[in-house]
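Student: Provide a 3D model corresponding to the input given below.
(2 chains)
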Amino acid sequence: DAGVTQSPTHLIKTRGQQVTLRCSPKSGHDTVSWYQQALGQGPQFIFQYYEEEERQRGNFPDRFSGHQFPNYSSELNVNALLLGDSALYLCASSWGTGINQPQHFGDGTRLSIL
Amino acid sequence: KQEVTQIPAALSVPEGENLVLNCSFTDSAIYNLQWFRQDPGKGLTSLLLIQSSQREQTSGRLNASLDKSSGRSTLYIAASQPGDSATYLCAVKGDAGGTSYGKLTFGQGTILTVHP
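Tutor: Here you go, the predicted structure:
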């Protein structure tokens, strides 16, 4: 039973560039959430996708956008990268958007901005 | 706005000790609270989920309690082992606005070191 998988594992970009991160949810899951975790901090909610639509969004600028595909996988896109975007980006999946559905996390993508 | 605080920020204990990690949240209108473990450079592993109607959950040597009205949760680890060394995060889902049904709000975590 494959868990949540994210790619790539590590990524180095320079300021102003654009980046795309990918996530495949756990088998049987149809909802994907993205979080940003700065060093030494707890994860911060970016947004959640269900039925290929953004259902909820955290306090992040429009530079952060996403997409969910018919197979439930998802992409996180970040434009005009800033040094402050350096972080571990975590993807979490669950079955449906029910309030008591536990979220399962992947190992994340470590993004470094130079 | 929901805010989550974890105390202590770091804890170092000898192997075999029982320990308690604390989590507090500002808005008691939560749906559930979840405790996670994070190993260095890794993602989050869910340990326990307590629904708002529950008072505690147990899994092996772990016991988590929830006092929703006072905005507090504790994670109790019995007979700690070096393999328990990790960062422990608590997260809540929900607030009085009723809009954060999908969003987890995390604390900053407690870094636990269990030395032999």
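
Student: who's in contact with residue 43?
Tutor: Just going to use chain A. A:P43 is in contact with A:Y35, A:Q36, A:Q37, A:L90, B:L44, B:L89, B:A91, B:L104, B:F106, counting by C-beta atoms under 8 Å, 6 or more residues apart in numbering or on different chains. All C-beta atoms are positioned from the backbone trio N, CA, C, and that covers glycine.

Student: that answer is for a different chain, and I need it for chain B
Tutor: With C-beta under 8 Å, 6+ apart, B:G43 has these contacts: A:V4, A:L90, A:F105, A:G106, A:D107, A:G108.

Student: Next: A:T109.
Tutor: A:T109 sits in contact with A:Q6, A:S7, A:P8, A:T9, A:H10, A:L11, A:L21, A:L88, A:Y89, where contact means C-beta under 8 Å, 6+ apart.

Student: measure it to B:S70 for me?
Tutor: According to C-beta to C-beta, to the nearest Å, A:T109 and B:S70 sit 37 Å apart.

Student: again, but for A:I99
Tutor: 21 Å.

Student: Those two: which has the busier surroundings?
Tutor: Legend: neighbour count by other C-beta atoms under 10 Å in any protein chain shown for A:I99 and B:S70, higher for A:I99 (15 against 10).

Student: Flag every buried residue along the lowest-mean-pLDDT helix or strand in chain A.
Tutor: One helix or strand of chain A scores below all others by mean pLDDT, DSSP states H and E: strand A:53-57, with a mean of 90. Applying a neighbour-count criterion of 16 or more other C-beta atoms under 10 Å in any protein chain shown, the buried positions in strand A:53-57 are A:R55, A:Q56.

Student: need the contacts of A:T109 in a markdown table with secondary structure, can you?
Tutor: Formatted as a markdown table, these follow (DSSP: H, G, I helix; E, B strand; the rest coil):
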| residue | secondary structure |
| --- | --- |
| A:Q6 | strand |
| A:S7 | strand |
| A:P8 | coil |
| A:T9 | coil |
| A:H10 | strand |
| A:L11 | strand |
| A:L21 | strand |
| A:L88 | strand |
| A:Y89 | strand |
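
Student: Most neighbours among those, which one?
Tutor: With neighbours taken as other C-beta under 10 Å, the top of the contacts of A:T109 is A:Y89, carrying 24 neighbours.

Student: And the pLDDT for it?
Tutor: Predicted confidence (pLDDT) for A:Y89: 98.

Student: you'd agree it is up against A:G106?
Tutor: No - at 9.5 Å, A:Y89 does not count as touching A:G106 under the criterion of C-beta atoms under 8 Å.

Student: list residues touching both of these two?
Tutor: Common contacts of A:Y89 and A:G106, defined by C-beta under 8 Å, 6+ apart, comprise A:Q6.

Student: ok, and the closest non-adjacent residue to the closest residue to chain A within chain B?
Tutor: Residue of chain B nearest chain A, by C-beta to the nearest C-beta: B:F106 (3.3 Å). Nearest residue to B:F106 in three dimensions, chain neighbours excluded: A:G42, at 3.3 Å (C-beta to C-beta, 6 or more residues apart in numbering or on different chains).
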